[in-house]
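Engineer: output the structure for:
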Amino acid sequence: MTKKITDKPGKYTGSGQGKESIINLEVEVSADKITAVTPLDEYSPGSLQANAFDKMAQKIVKKQSADVDVVSGASETSRGILEGVKEALSKADVDFEALKENSAQNSSTAKEVIDVDVAVVGAGSAGAAAALAAKQEGVSVALLEKTISPLGAGTFAGGMFAADSQQQKDLNQVVSKKWLYDEYMDASQGYMNSILVRRIIDESGKTVDWLNENGAIMKLVDAGTGGSYDHIGMPATLHGYQEGGTKAITKLIEKFKSIGGKMYFGFAAKKLLQDDTGAVTGVVAQGDDSELEVHAKKVIIATGGFGGNPEMRKEYLGDVSTQGQVLQNTGDGLNMAWDAGTAHHINGSTHYFWQTFSNEDIGAMAKLVGPGWMPLNALADFPNLRVNNRGQRYASETHALDFAVHGAELSEQPKQTEFVILDQAMLDKIKEGGTVAIEDHYGKWKNHREFYMEFNYPTDTEENIKREHEKTDFTSLLNKLESTNVVFIGQTIDELAEKMGVDKENLKKSVAQYNNAKKTGEDDLFFSDTKRMVPVEEGPFYAVKYIARNLGTLGGATIDEKMHALTPEGEPVPNLYVTGADASGMYGKAYVDFEGGTLGFAYISGRLAGIDAAQTAKKN
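Structural biologist: So this is what the prediction gives:
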């Protein structure tokens, strides 16, 4: 029997802290139930925020509870919604114990069993490619994804590498496969599966052409157009998303569904099924209210690594590893593969870092200036003095825009933290002439537009050139943010060090050594290009704190060049494939230093696994 929950039926508002902003909502209650949860903020139709709100609202109303599970891939948004719902229910004087009893009456679990030729776990770049490629071979395919819409590193990436796509051939810009192979060898120092690397390079151009044929539109762009200054002049490897990663992967999934593929969003794979011989025979996945048991001849794992799993990061990467960018990538596929007999290969796992702010610091800045904090990112784009939390200069600042190298250097510092040191003279130059007065990053492409999408936002050289020339008053923004744990201001270097909480003598020594390198034209510490260095001479002085963010992990399961999962003895685990960030063999510890390497491996390995799985399934 349903219990009464309130004597004050009606509509009540509440709010909660989302990932980067406050979530405002309205909850409608009758005497004995929650009848509706409605957003008061506007969300773009089909966006992750809109999908997450719809899903959470459905869960809350269906289960009559303000304590439902968060939506995978939108956990912070989900928690903000729950916080807002609880606030609204409190305003309605809801009896939470009665609500809890009513909720228990709404709990039930159904089970569905299906049979397919190929099951793919994970619908990111590798998984979507695997599922579509397998389906195009004429077999039945089920694609399982624990989130409610396409997510993963592939949705954030800018594009993938290739050696000999049709575009590269048409533009006479084919990249030497030897050069690509040498880059992998240099990055790994031999800690790579050379046979796998060669096959991935050989299949790169075909995969770009295949993606374009299937709606994930990519276009060849010059090296360095995304702001990685050190890449300017390198061979053009990057085929950049023209509509963004989310739309590209969505199009692949829609194509997959249009030709008969079975898509299951909201189902988290929990375990692989195996017969008495150890051969993989399927996978079990859990949804909100139902369990899905998939019997399959072949299973492909593509779950994106373990960057979102703090316990695994600590175990395999150590104490200093920061939170992964893709929180839903929690090692599910790796643990299933290992349990099924696949060899561990964690010492061949790399973690790609970049420079950013912590979520807590973003929240603090957003409360003060809303989205106005975002231009602060631009101050990290120049070779200013950088010190660690001991006040020590720790690497050449001219690596600042070589993102993989700089991220790796930053990851080795205490607490993976750095401070970018600025003086008033630099800020005044930007106010008078834009950031181009400090360094010209995009002028090379004036009258020669290059465009692609990264993090689903445009990277447009025309717009970037305009932005570089905009006169910007960063002093005002820095002053507004001084009360946060991000911005520190001092009239002297001593005062700045005190505000930062670093050793005064170390900081003064770092400033003096850096300024002397600029003055003499010779950096006897880190051999920087002194022409690019920005002196620290005119107070007041500013420090902006950044941390390393783990974009994700790469590796963990041993595979061969056909993406078969291998046992410790080097034998295939029957019927099991591992792709993308779950698979080892492409890297040692360091990320390859050209553009599009990781997304390339994801799409190529997924496509090849899908083809092989389908073709061998036909023979069974």
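
Engineer: all contacts plus neighbour counts: C-alpha atoms, from now on.
Structural biologist: Noted.

Engineer: check contacts around Leu292.
Structural biologist: 111-114, 267, 284-286 (Cα atoms under 8 Å, 6 or more residues apart in numbering).

Engineer: isn't there a strand covering it?
Structural biologist: Yes. According to DSSP: H, G, I helix; E, B strand; the rest coil, Leu292 belongs to a strand.

Engineer: any stretches of the stretch 301-450 of the chain with poor pLDDT?
Structural biologist: Low-confidence segments of the stretch 301-450 of the chain (pLDDT under 70): 319-324, 347-354.

Engineer: again, 80 this time
Structural biologist: The stretch 301-450 of the chain contains residues with pLDDT under 80 at 317-327, 346-355, 359.

Engineer: quick one: the helices in it, in order.
Structural biologist: Secondary structure of the stretch 301-450 of the chain (DSSP state H, counting those that start in this stretch): helices located at 310-317, 332-339, 359-369, 403-411, 424-433.

Engineer: the fourth one: how far from the chain's middle?
Structural biologist: In this case it means helix 403-411. 16 Å (Cα atoms, centre = their mean, to the nearest Å).

Engineer: same thing with the longest one?
Structural biologist: Taking Cα atoms, centre = their mean, one finds helix 359-369 lying 20 Å from the centre of the chain it belongs to.

Engineer: got the buried residues for it?
Structural biologist: Buried residues in helix 359-369, counted by 16 or more other Cα atoms under 10 Å: 361-366.

Engineer: can you list contacts of it?
Structural biologist: 19-21, 372-373, 480-481, 484-486.

Engineer: give me that answer again for 10 Å
Structural biologist: Residues from elsewhere that reach helix 359-369 (Cα atoms under 10 Å, 6 or more residues apart in numbering): 17-22, 323, 356-358, 370-374, 477, 480-487, 545-546.

Engineer: in strands, which of those residues appear?
Structural biologist: Using DSSP state E, the subset of those located in strands is 17, 22, 356, 487, 545-546.

Engineer: most neighbours among those, which one?
Structural biologist: If you count neighbours using other Cα atoms under 10 Å, the busiest of the ones in strands among the contacts of helix 359-369 is Lys545, which has 25 neighbours.

Engineer: does it really touch Leu410, like I thought?
Structural biologist: No. Lys545 lies out of contact with Leu410 (Cα atoms under 10 Å); the separation is 11.9 Å.

Engineer: so what's Ala153 up against?
Structural biologist: Contacts of Ala153 (Cα under 10 Å, 6+ apart): 124-125, 245-246, 304-305, 325-326, 329, 455, 551-552, 581, 598-599, 602.

Engineer: can you check Asp164 too?
Structural biologist: 170, 172-177, 201-209, 237.

Engineer: any chance you could map the strands in the stretch 451-600 of the chain?
Structural biologist: 451-454, 457-460, 487-490, 541-554, 564-566, 572-578 (DSSP state E, counting those that start in this stretch).

Engineer: the ones you listed: which one's closest to Phe161?
Structural biologist: The closest of those to Phe161 is strand 451-454. By Cα to Cα, the value is 13.5 Å.

Engineer: that closest one: partners in the sheet, and parallel or antiparallel?
Structural biologist: strand 457-460 (antiparallel) (DSSP bridges).

Engineer: phi, psi for Ser396 please.
Structural biologist: phi -70, psi 120 (degrees, to the nearest 10).

Engineer: how close does it sit to Lys314?
Structural biologist: Distance of Ser396 to Lys314, computed by Cα to Cα, to the nearest Å: 28 Å.

Engineer: which one of these two has more residues nearby?
Structural biologist: Taking other Cα under 10 Å, Ser396 and Lys314 do not tie; Ser396 has more neighbours (22 against 13).

Engineer: ok now do that one, which residues does it touch?
Structural biologist: 383-386, 406, 409, 514, 523, 525-530, 533.

Engineer: how is the chain partitioned into domains?
Structural biologist: Domains of the chain are assigned by automatic domain parsing as 10-104, 112-154+243-349+555-619, 354-434+471-550.

Engineer: out of those, deepest packed?
Structural biologist: domain 112-154+243-349+555-619 (a mean of 23; mean count of other Cα atoms under 10 Å).
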